[in-house]
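Asks: no sequence for this one, just the structure:
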């Protein structure tokens, strides 16, 4: 075996929608700014390549990245460890044993609340070692927190 | 010692002095303002001196501490009162420092760390020096006692006077390596910055230089003298800085601790419990490497995050000295230097290509930009020739970086080396590996490489194995934490 197998579970498909909405908002703000400065205030000549550049950015940010990200983002909880995979261009796989888990946090942004999603963050004694799983279904996230807390407690150790 | 007590009364001198120093900008401002407002008397100046002094005295009067069975408590503050408590069984590090003012008055500061980060430390600023030493001994004896408690017999038997064994004593001659670090350059740059502020602008009119300098070769001479002057002054500053910071540095082994004392003006004494020592970092920046020297840092957990979590055990010193101390620190009572001297596993051709490319690419972009500027008539062709010099430097850098790359699992330690201008070899005990991060960009995936990181609670919080082939990286991780890797179905192939 020459490579690490990916974690078992995907995040919720609605996460893709969330990333798309976030990207849509960002592109909308940029488009408004472009129209406001280039057309309304007429600070500079609006060239043809400016909207084209924005449209390309919109496609990459709103279609390519969310799809790519959804294929990468995965998570798994084994009896003795937590395992996550995140990112898109740069992929990151993180593995931490239950005995080293310090806190399990659950949080939800406004967009996530709208879509019924949540994040779970697992911290260890290393500032560079936090595992974060975004875009989980709210119920899954809650049971995951309960499961991780129970397992971390059972694993004992002083988590350092 | 169960009653609340004040710090040493001599702090009545130290506190106002340090407050005055803190108020110095305000004080200067008041003096200047007073100078402008003529005839205003000394009112403002007096106030500007009286307030800091009053704050200092108040701080002394409102600070009390007590040592109960099982904990140290520190109470301070007039309006906003705080009470800080350190449980003795949680004490991990005890530092004793003494600034010049403290030393003149025979005082010292005891800093008690409980491993919760520097902000949570309990600081007793202003005990008599012998009292500070006594407290340190008492706290550490307790830590040692706790550490040995499980073996019953040892805890029960009255232990003999702790055997202390010096491991290293600094040779002042090693200050000769100081100019090879960046410290001197930094000091000289700071000095230059101050000078540029102090001197009138006209002194920096570079366009007037040709008038001042003699024609022809004289110009070159002027530049050479300038460069030489900068080099000599930065070297002198580096040596002085080295001696002030590390004077009389001594590393001592006690049964359960490592103790480090050093300093010419401000003396510092740091004790680190064995269990907190996660590993070491051997730093060999290019200058030191060429001079046959290196620097040793200890990766300590509970010292706080960031680089602060690294304690300099050996300042720039001959390589053999650094290896010897590192071996003693890693091996505890049976020195081992395998993690430091054993040949490393190389990362293969793909990693070498990547190092070369990443060093060369920025240089090529720079040259291309310069060439474009020449074509556009923005730069003289002469400057393009100068830019071309970047290419060989970049090639050399890439080669050296590629040569540096290597990793190893040796005697229960993770060993990783990388870098060129700031080459370092990191050694981390397997039991201090908290987890693993495997990172790869699209480019890295194409060449089958990953950047493997072992996360830890000390030093820079991680030890990185740069651009390792994924298979080799996993073999390394599985060698150090087999159970953890087995959790995700990875087992070391039998052939390994």
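Replies: Yes, it's here. All values reported here derive from a predicted model rather than from experimental measurement.
Asks: which regions of the stretch 251-400 of chain B sit below the pLDDT cut-off?
Replies: B:302-309, B:332-335 (pLDDT under 70).
Asks: Going along the chain, name the strands of it.
Replies: B:257-262, B:267-273, B:277-285, B:293-300, B:310-318 (DSSP state E, counting those that start in this stretch).
Asks: The ones you listed: which one's closest to chain A?
Replies: Evaluated over the strands of the stretch 251-400 of chain B, closeness to chain A peaks at strand B:277-285, with 10.1 Å, by C-beta to the nearest C-beta. The way it works is simple: take the backbone N, C-alpha and C, and place the C-beta from them, glycine included.
Asks: Neighbouring strands of that closest one in the sheet, and parallel or not?
Replies: Using DSSP bridges, strand B:277-285 pairs in its sheet with strand B:293-300 (antiparallel), strand B:422-429 (antiparallel).
Asks: Next, work out how far apart the closest residue to residue A:22 other than its chain neighbours and chain B are.
Replies: The shortest distance from residue A:22 to any non-neighbouring residue, by C-beta to C-beta, 6 or more residues apart in numbering or on different chains, is to residue A:111 (6.3 Å). Per C-beta to the nearest C-beta, to the nearest Å, residue A:111 is found 27 Å from chain B.
Asks: Got phi/psi on residue A:111?
Replies: With angles defined as degrees, to the nearest 10, residue A:111 sits at phi -60, psi -40.
Asks: Just the endpoints, please. Distance across stretch A:70-85?
Replies: 11 Å (C-alpha to C-alpha, to the nearest Å).
Asks: Same check on stretch B:445-463?
Replies: End residues of stretch B:445-463 are separated by 21 Å (C-alpha to C-alpha).
Asks: list the buried ones in it?
Replies: Going by neighbour count (16 or more other C-beta atoms under 10 Å in any protein chain shown), the buried part of stretch B:445-463 is B:448-463.
Asks: residues near the residue lying closest to residue B:286 once chain neighbours are set aside, how many?
Replies: Distance criterion C-beta to C-beta, 6+ apart; nearest residue to residue B:286, sequence neighbours excluded, is residue B:421 at 5.1 Å. For residue B:421, the neighbour count with other C-beta atoms under 10 Å in any protein chain shown is 12.
Asks: Could you do residue B:346 as well?
Replies: Based on other C-beta under 10 Å, the number of other residues close to residue B:346 is 15.
Asks: ok, the residue positioned nearest the centre of chain A - contacts?
Replies: The residue lying closest to the centre of chain A (C-alpha atoms, centre = their mean) is residue A:134, at 4.2 Å. Counting by C-beta atoms under 8 Å, 6 or more residues apart in numbering or on different chains, residue A:134 makes contact with A:11, A:15, A:73, A:86, A:117, A:119.
Asks: any chance you could read off phi and psi for the residue nearest to residue B:286?
Replies: According to degrees, to the nearest 10, residue B:421 has phi -60, psi -30.
Asks: Close to chain A: what parts of the stretch 351-496 of chain B are there?
Replies: By C-beta under 8 Å from any C-beta of the partner chain, the part of the stretch 351-496 of chain B that sits against chain A consists of B:434-442, B:445, B:453, B:455-457, B:460-462, B:470-471, B:474, B:481, B:483-485, B:487-491, B:493.
Asks: could you flag which of those residues are buried?
Replies: Buried among these (16+ other C-beta under 10 Å): B:434-440, B:453, B:455-457, B:460-462, B:470-471, B:474, B:481, B:484-485, B:487-488, B:490.
Asks: In helices, which of the residues you listed appear?
Replies: B:470, B:471, B:474, B:484, B:485, B:487 (DSSP state H).
Asks: Kindly provide the distance from the fourth one to residue B:70.
Replies: I take that to be residue B:484. 36 Å (C-beta to C-beta, to the nearest Å).
Asks: follow-up on the earlier one: quick check: which element contains the residue nearest to the centre of chain A?
Replies: strand A:131-137 (DSSP states H and E).
Asks: what lines up beside that strand in the sheet?
Replies: strand A:117-124 (antiparallel).
Asks: contacts for the partner strand?
Replies: A:12, A:14-15, A:18, A:82, A:96, A:100-109, A:112, A:129-138, A:141-142, A:144-145, A:148, A:159, B:434-435, B:455, B:457.
Asks: Kindly report the domain assignment for chain A.
Replies: For chain A, automatic domain parsing gives the domain ranges A:11-70, A:73-155.
Asks: would you list those in TSV and tack on mean pLDDT?
Replies: Listed next are these as TSV, based on pLDDT from 0 to 100:
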stretch	mean pLDDT
domain A:11-70	92
domain A:73-155	92
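Asks: before we move on, the earlier item: which of the contacts of residue A:134 sit farthest apart?
Replies: Pairwise distances across these (C-beta to C-beta) peak at 14.8 Å, for the pair A:86 and A:117.
Asks: With neighbour numbers in mind, choose between the two.
Replies: residue A:117 (23 against 20).
Asks: how much space is there between residue B:95 and residue B:298?
Replies: As judged by C-beta to C-beta, residue B:95 and residue B:298 stand 14 Å apart.
Asks: Let me see the backbone angles for the nearest residue to residue B:442 once chain neighbours are set aside.
Replies: Counting by C-beta to C-beta, 6+ apart, residue A:89 is the residue found nearest to residue B:442 once chain neighbours are left out, at 5.3 Å. Main-chain torsions, residue A:89, degrees, to the nearest 10: phi -70, psi -50.
Asks: Residue A:89 contacts residue B:443, doesn't it?
Replies: No: Residue A:89 lies out of contact with residue B:443 (C-beta atoms under 8 Å); the separation is 9.1 Å.
Asks: which stretches of chain A form strands?
Replies: A:9-10, A:74-77, A:81-87, A:91-97, A:101-107, A:117-124, A:131-137 (DSSP state E).
Asks: Just put the ones you listed in JSON lines and tack on distance to residue B:46.
Replies: As requested, these are exported to JSON lines (distance: least, C-beta to C-beta, whole Å):
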{"stretch": "strand A:9-10", "distance to residue B:46": "72"}
{"stretch": "strand A:74-77", "distance to residue B:46": "66"}
{"stretch": "strand A:81-87", "distance to residue B:46": "62"}
{"stretch": "strand A:91-97", "distance to residue B:46": "60"}
{"stretch": "strand A:101-107", "distance to residue B:46": "53"}
{"stretch": "strand A:117-124", "distance to residue B:46": "52"}
{"stretch": "strand A:131-137", "distance to residue B:46": "57"}
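Asks: which of the contacts of strand A:117-124 are buried?
Replies: By neighbour count, with 16+ other C-beta under 10 Å, those hold A:12, A:14-15, A:18, A:82, A:96, A:100-102, A:104, A:112, A:129-138, A:141, A:144-145, A:148, A:159, B:434-435, B:455, B:457 as buried.
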